[in-house]
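*Asks:* Any chance you could fold what I've pasted below:
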Amino acid sequence: MKRLFITIVIILCGFSIVAQNKYFLLKGYVVSADSLSPIPNVHILSELSYYGTTSDHNGIFSMLIRKNDTLRISSVGFVTQLLPINYDSINTNNYLIKMEIDTIMLQEVDVFPYLDYNTVKKIVSEIPIEKPFVIKGVNDDIEQVIYQKPKKIPDDKGVLSPIQTLYNRFNKKERLKRKMERNRRKLGIES
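*Replies:* Numbers count the residues shown, from 1 in each chain. The predicted structure is shown next:
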């Protein structure tokens, strides 16, 4: 029994030694391509083994890779890269990754301050309700369907189920509508 146990342990140790040789430790650092400054919190993922890591505040990282692996490198504000790694031809202790900046142009935004709270409140309460975009000739009757006044719900409470009554009372859209109507009445604005 002892010999069988020892044989199994030796075989398992041999398999673990062979399995450990499949992976190699890659150490390196990530810098910006234009200024060569380190980039922190870059995500580095192995495509073959699905191991991953992030770079530290100095842009330094270390991770296990396979012999012919591909790394996916991504970070906010930089272009995502796929780098094929050939283990035989790289320096695994000092691997340099340069990332290109990804520039996105946004439209100009104008911000105007208002003098007081009452002015802002009045402007917000006077915002018209937007109508949906309608293609003429396709749905000419859409305004009649969408903007027709709802039929008044009968006062008889037996017609609606309790769940429907609660839904009508606490529906977010209905609550906002009631709040807007109250604010317009306070400011003396007709709807």
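
*Asks:* and the longest strand seen in the chain, what does it pack onto?
*Replies:* Assignment by DSSP state E gives strand 23-32 as the longest strand of the chain. The helices and strands touching strand 23-32, judged by 3 or more C-beta pairs under 8 Å, 6 or more residues apart in numbering; DSSP states H and E, are strand 60-66, strand 95-99. Every residue, glycine included, has its C-beta placed from N, CA and C.

*Asks:* mind putting those strands in a markdown table, mean pLDDT included?
*Replies:* Rendered in a markdown table, the data for the helices and strands packed on strand 23-32 read as follows (pLDDT from 0 to 100):
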| stretch | mean pLDDT |
| --- | --- |
| strand 60-66 | 89 |
| strand 95-99 | 90 |
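
*Asks:* Pipe those into a markdown table and attach mean neighbour count per row.
*Replies:* Converted to a markdown table, the helices and strands packed on strand 23-32 look like this (neighbours: other C-beta atoms under 10 Å):
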| stretch | mean neighbour count |
| --- | --- |
| strand 60-66 | 18 |
| strand 95-99 | 17 |
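
*Asks:* Out of those, flag the one nearest Ser32.
*Replies:* Nearest to Ser32, of all the helices and strands packed on strand 23-32, is strand 95-99, at 6.2 Å by C-beta to C-beta.

*Asks:* Student question: in the chain, what's the helix or strand with minimum average pLDDT?
*Replies:* Ranking every helix and strand in the chain by mean pLDDT, DSSP states H and E puts helix 142-146 at the bottom, with a mean of 55.
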